[in-house]
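A.B. asks: I need the structure of the sequence given here:
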Amino acid sequence: MERYVIKGGKPLVGEVVIGGAKNAALGILAAAVMTDGQCHIDNMPDVRDINVLLQAMKEIGAIVDRKGPNEVVISGKDMNPDNLVVDNEFIRKIRAGYYLIGALLGKYKKAKVVLPGGCDIGARPIDQHIKGFRALGAKVVIEQGMIYVEAEELRGTHMYLDVVSVGATINIMMAASMAVGNTTIENAAKEPHVVDVANFLNSMGANIKGAGTDVIRIKGVERFHDTEYSIIPDQIEAGTFMMAAAATRGDIIVKNIIPKHMEAISAKLIEIGAEVTESDDAIRVRVDHRLKHTQIKTLPYPGFPTDMQPQMAITLGLSTGTSMIVESIFENRFRYVDELRLMGANFRVMEGDTAIITGVEKYTGARIEAPDLRAGAALVIAGLAADGWTTITEIGYIHRGYEHFEEKLRGLGGVIKMVHSDEEENLFKFNNN
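C.D. replies: Sure thing, here's the model as predicted:
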């Protein structure tokens, strides 16, 4: 069983280069099947979710030509409209397979896709996706764990999303980009990866305006053409390394990022006493003392991202005073707290959505389990900040969203290794004592 073994207590110091944004890449790769031309995409993260999605696309007839770990050429020209069924044991384990619904519905006016999986961090219904597809004129049926969508013709419309949903915004945007007439999406998500997917669609010939605001306007087009596109840097990977600097009292320069996307994270780090310095495409986070407490509420962009909540909690758990985090997006996002308590953290979770954190001077190493992707990465940070040895199991979650995570941490001086057996674990500990 693969696991991370970590020896903590050492500040992380150095430079780290951030890869492409997983959440943008998933939407962009799905959208690439909408052209009969070629989409040359680079800065693609080489993580499990991406590889699973690419395999699912190949199985429905898309041409997927990997030019390297971070570069791919995709075309939908040879896809069979009668074979648009997306279902295998791997795609069932990720959430983003649902982006193929919007892409296939837009181009072929039909699709059959397994309902989404992913991390168990709370209810993530697809009712807003369905609302959007139906508003465009599609029939939607859910049965036996599959969602069927079909339309004789998609027609542009005006719709208001009941809640801000990144997935629904992207899915509706893809379908509407090849509908007849004009579509307006109000209360749209404004996240950077929504903007990136819109920019990618526009590079293929779509006519989308307003991405990044709460009103997106789309004029449908008949076909898409060739494009070359580079995916934006990963906001959450960047934030994770910023928190790693803060929690371990280190000094890290996080490179190849868009500092504007990091403002909510940078602002909170500055508020609790970290030194944060921005340049054109990098941020330096330096901490040489115990940080202060604060209050946080997760919100849609440009608010503090829910995907950074566990990493911030790890940092606040080592800060002075009492902090509070309110999780307003997902109700099961505090499942990591029981693991963190094994390391000596003082957390109380109230009513499922609020954590009261009383800072402790240090964590101590323990054997713990990653409950999901972002919490898993946060527990790695905790292990690197803790005294002694930490072993983290179920790290497959982490590999879903972080590319070369342990290698990048080792490059910053972290003592961490992925092992597959007790013998490997004991040998690594022996060699690093």
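A.B. asks: tell me where the model's unsure across the stretch 51-200 of the chain.
C.D. replies: Judged by pLDDT under 70, the stretch 51-200 of the chain has its weakly predicted residues at 90, 93, 95, 117-124.
A.B. asks: can we see that at 50?
C.D. replies: With pLDDT under 50 as the threshold, the stretch 51-200 of the chain has low-confidence stretches at 118-123.
A.B. asks: what are the ranges of the helices in it?
C.D. replies: 99-108, 127-135, 166-176, 192-203 (DSSP state H, counting those that start in this stretch).
A.B. asks: any chance of TSV for these, columns distance to residue 264 and mean neighbour count?
C.D. replies: For every residue, glycine as well, the C-beta is placed using N, CA and C. Listed next are these as TSV, based on distance: least, CB to CB, whole Å; neighbours: other CB atoms under 10 Å:
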stretch	distance to residue 264	mean neighbour count
helix 99-108	25	27
helix 127-135	23	20
helix 166-176	15	28
helix 192-203	12	23
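A.B. asks: quick one: closest of those helices to residue 22.
C.D. replies: Nearest to residue 22, of all the helices of the stretch 51-200 of the chain, is helix 192-203, at 8.6 Å by CB to CB.
A.B. asks: helices or strands up against the closest one?
C.D. replies: On a contact count with 3 or more CB pairs under 8 Å, 6 or more residues apart in numbering; DSSP states H and E, helix 192-203 meets helix 22-31, helix 166-176, strand 207-209, strand 227-230.
A.B. asks: quick one: the second one to helix 99-108, angle?
C.D. replies: Spelled out, that is helix 166-176. Relative orientation of helix 166-176 versus helix 99-108 (axes from the mean of the first three to the mean of the last three CA atoms, to 10 degrees): 10 degrees.
A.B. asks: pull the CA atoms of helix 166-176 into PDB?
C.D. replies: Extracted in PDB, the C-alpha atoms of helix 166-176 (Å, rounded to 0.1, in the frame of the first residue of the first chain):
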ATOM      1  CA  VAL A 166     -18.000  26.300 -11.200                       C
ATOM      2  CA  GLY A 167     -18.900  23.000 -12.800                       C
ATOM      3  CA  ALA A 168     -22.400  24.100 -14.000                       C
ATOM      4  CA  THR A 169     -21.000  27.400 -15.400                       C
ATOM      5  CA  ILE A 170     -18.300  25.500 -17.400                       C
ATOM      6  CA  ASN A 171     -20.700  22.800 -18.600                       C
ATOM      7  CA  ILE A 172     -23.400  25.200 -19.700                       C
ATOM      8  CA  MET A 173     -20.900  27.400 -21.300                       C
ATOM      9  CA  MET A 174     -19.600  24.500 -23.400                       C
ATOM     10  CA  ALA A 175     -23.000  23.400 -24.500                       C
ATOM     11  CA  ALA A 176     -24.300  26.900 -25.200                       C
END
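A.B. asks: list the contacts of residue 136.
C.D. replies: The contact partners of residue 136, taken as CB atoms under 8 Å, 6 or more residues apart in numbering, are 105, 151, 154, 155, 156, 157, 172, 175, 176, 179, 183.
A.B. asks: isn't the first one up against residue 111?
C.D. replies: Yes - between residue 105 and residue 111 there is a contact under CB atoms under 8 Å: 5.3 Å.
A.B. asks: which residues of the stretch 301-433 of the chain fall in helices?
C.D. replies: 309-316, 337-341, 373-385, 396-399, 405-411, 422-431.
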